[in-house]
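*Asks:* Below is the structure, and that's it, no one-letter string:
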């Protein structure tokens, strides 16, 4: 029964988005699905520490290890891929038949595949078994040959992982391909290692998107000419296609298949983007590059400048005051950009945050800016900022505000102050274990003090174990978070040796993930360090 739990949960997540889109299409819920489910699943599933979403479970204790974000988010993305591959009518017919046949009973994944096959005429089991029983996902490389207005493409699939792998898999990949200037979407199934696709009536200057709508679980290695056309016309792409292009380049850069400078160049072309989901993907790119950029930018000043240049124009358009007709996503974007600018030392934003915080009694901080203001105050205020936030924590009875305060506190940039913050967090009875786990995670990604965060974890093992409940989910998550942000071989060895020497129960999987994340950054920085350094020197001579 547990073996097929992924389908129950993944299907539920898919349906909540499908129904929401039907009832309230103005929410554009599939755009949010792209960032909250699909991209999250792909970021996790490209690792050696991943696992298939359909795994035989032989004992209940295995459930916590297997049913994680990969099972839930990739599960939902796989169901969505079926929906797009066979169409709404066949999906509805197959689902109705399946539910009718198994009402008041139990079923297995294969049973649903059989009913979808009968409804669509497509062998869904053959298509979907590789997606559910194999870990990871493919990258599709495209080679282009032109003859007038006809283009021939050789498409080849390979297993995609951020670290090299000898073993390869094959998937049955339902591809959706669009041509710039045309309304139709071309469907093509890549069921073997390599195949040839021919598309007619393609203008010479038209770009093609090989994962239209970002519904497929794969990356695309573009032909050089097509990539150039996509980048040149990126502002004309749909929201999902913008995110698809950006995410492909980021992930391929991590795997050593694309220059990191191309990612940064694409970001600058999107600097006036209006959509929140696209900005969410953009800011993720910036954070990922900054995770190792101190190898070429020791104090972080140049990447801070790049971040300010990227964000300030769009934030200026939004302004501090919400408009009467703006939606909740615009409010979320305002808060994210305000926080990003403040943490990148944008002086006007820092001053505004401090003023909003100082005057909060007479004029409450706008709800969409509160978290950002607290973070900027902590980062810019030093010890006094921490003490001021302690006062807010003690005065409020709102649990959401308490969580906001504790997560902001670890933005401090002084090692001594961070030790005080974490000491307060681990000893205060008013700080819950889950809140302290997030404090550790936030401190670990704070590049100014991340080494201090690690040493605090090492030197306060027993109080931290007590705070997190000894063993269990909080400790598992804390270990992955505290290990993952580092990017040097020396730190890899130090962390690996520490956990080999010390006795922690049940953290093997999370430690493996954390160490693999370090190894990815080591390889990424080794391959891309020179390219990033040259790009930043040319942009900021």
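*Replies:* Structure's in. What do you need? It should be emphasised that the depicted structure is a prediction, and the values quoted were computed from it without experimental measurement.

*Asks:* From now on I want contacts and neighbour counts done on CA atoms only, so please keep to that.
*Replies:* Noted.

*Asks:* can you count the residues close to residue 302?
*Replies:* 19 (other C-alpha atoms under 10 Å).

*Asks:* thinking it is in contact with residue 536, fair?
*Replies:* Yes. Applying C-alpha atoms under 8 Å as the test, residue 302 and residue 536 come out as touching, 7.3 Å apart.

*Asks:* what's near enough to touch residue 218?
*Replies:* Residue 218 makes contacts with 137, 138, 139, 140, as judged by C-alpha atoms under 8 Å, 6 or more residues apart in numbering.

*Asks:* How about the backbone phi and psi for it?
*Replies:* phi -160, psi 160 (degrees, to the nearest 10).

*Asks:* Work out the gap between stretch 521-532 and the centre of the chain.
*Replies:* Its chain's C-alpha centre and that of stretch 521-532 lie 20 Å apart, by C-alpha atoms, centre = their mean, to the nearest Å.

*Asks:* ok, now stretch 209-217?
*Replies:* Taking C-alpha atoms, centre = their mean, one finds stretch 209-217 lying 17 Å from the centre of the chain it belongs to.

*Asks:* what does it contact?
*Replies:* Residues outside stretch 209-217 that contact it (C-alpha under 8 Å, 6+ apart): 34, 38, 42, 77-78, 80-81, 84, 137-138, 173-180, 185, 220, 230, 238, 240-241, 243-244.

*Asks:* Residue ranges in the stretch 151-300 of the chain under the pLDDT threshold?
*Replies:* Flagging of the stretch 151-300 of the chain using pLDDT under 70 yields an empty set of residue ranges.

*Asks:* Which helix or strand in the chain has the lowest average pLDDT?
*Replies:* Using mean pLDDT, DSSP states H and E, the weakest-scoring helix or strand in the chain turns out to be helix 63-66, at a mean of 61.

*Asks:* Let me see the residues that make contact with the helix or strand following it.
*Replies:* Downstream of helix 63-66, the first helix or strand assigned by DSSP states H and E is helix 69. Residues outside helix 69 that contact it (C-alpha under 8 Å, 6+ apart) are 40, 41.

*Asks:* For the helix or strand just after helix 69, name the packing helices and strands.
*Replies:* Downstream of helix 69, the first helix or strand assigned by DSSP H and E is helix 75-86. Where contact means 3 or more C-alpha pairs under 8 Å, 6 or more residues apart in numbering; DSSP states H and E, helix 75-86 is packed against helix 5-23, helix 124-133.

*Asks:* And helix 75-86, how far out from the chain middle?
*Replies:* Between the centre of helix 75-86 and the centre of its chain there are 19 Å (C-alpha atoms, centre = their mean).

*Asks:* mean confidence for it?
*Replies:* The pLDDT scores in helix 75-86 average 96.

*Asks:* Check which element follows it along the chain.
*Replies:* By DSSP H and E, the next helix or strand past helix 75-86 is helix 88-101.

*Asks:* Tell me which helix or strand comes right after that next one.
*Replies:* helix 109-120.

*Asks:* Now that next one: average pLDDT?
*Replies:* Predicted confidence along helix 109-120 averages 96 (mean pLDDT).

*Asks:* Strands along the chain, start to end?
*Replies:* Taking DSSP state E, the strands of the chain run over residues 137-147, 150-160, 173-179, 185-190, 194-199, 208-209, 219-221.

*Asks:* So which of the ones you listed is the most surrounded?
*Replies:* strand 219-221 (a mean of 23; mean count of other C-alpha atoms under 10 Å).

*Asks:* helices or strands up against that one?
*Replies:* On a contact count with 3+ C-alpha pairs under 8 Å, 6+ apart, strand 219-221 meets strand 137-147, helix 239-254.

*Asks:* Show me how far it is from its chain's centre.
*Replies:* Mean-position distance between strand 219-221 and its chain equals 17 Å (C-alpha atoms, centre = their mean).

*Asks:* And the contacts of that strand?
*Replies:* With C-alpha under 8 Å, 6+ apart as the test, strand 219-221 has contacts from 138, 139, 140, 141, 142, 210, 211, 248, 252.

*Asks:* Dump those residues to JSON lines, plus distance to residue 51.
*Replies:* Below are those laid out as JSON lines (distance: C-alpha to C-alpha, whole Å):
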{"residue": "138", "distance to residue 51": "14"}
{"residue": "139", "distance to residue 51": "18"}
{"residue": "140", "distance to residue 51": "21"}
{"residue": "141", "distance to residue 51": "24"}
{"residue": "142", "distance to residue 51": "27"}
{"residue": "210", "distance to residue 51": "26"}
{"residue": "211", "distance to residue 51": "24"}
{"residue": "248", "distance to residue 51": "21"}
{"residue": "252", "distance to residue 51": "21"}
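
*Asks:* Between the residues you listed, which sits nearest residue 95?
*Replies:* Checking those against residue 95 with C-alpha to C-alpha, the nearest one is residue 211 at 25.5 Å.

*Asks:* Can you tell me how far the closest one is from residue 178?
*Replies:* Distance of residue 211 to residue 178, computed by C-alpha to C-alpha, to the nearest Å: 8 Å.

*Asks:* gap between the two ends of stretch 246-265?
*Replies:* Stretch 246-265: ends 10 Å apart by C-alpha to C-alpha.

*Asks:* what about that stretch, distance to the chain center?
*Replies:* Relative to the centre of its chain, stretch 246-265 is centred 15 Å away, using C-alpha atoms, centre = their mean.
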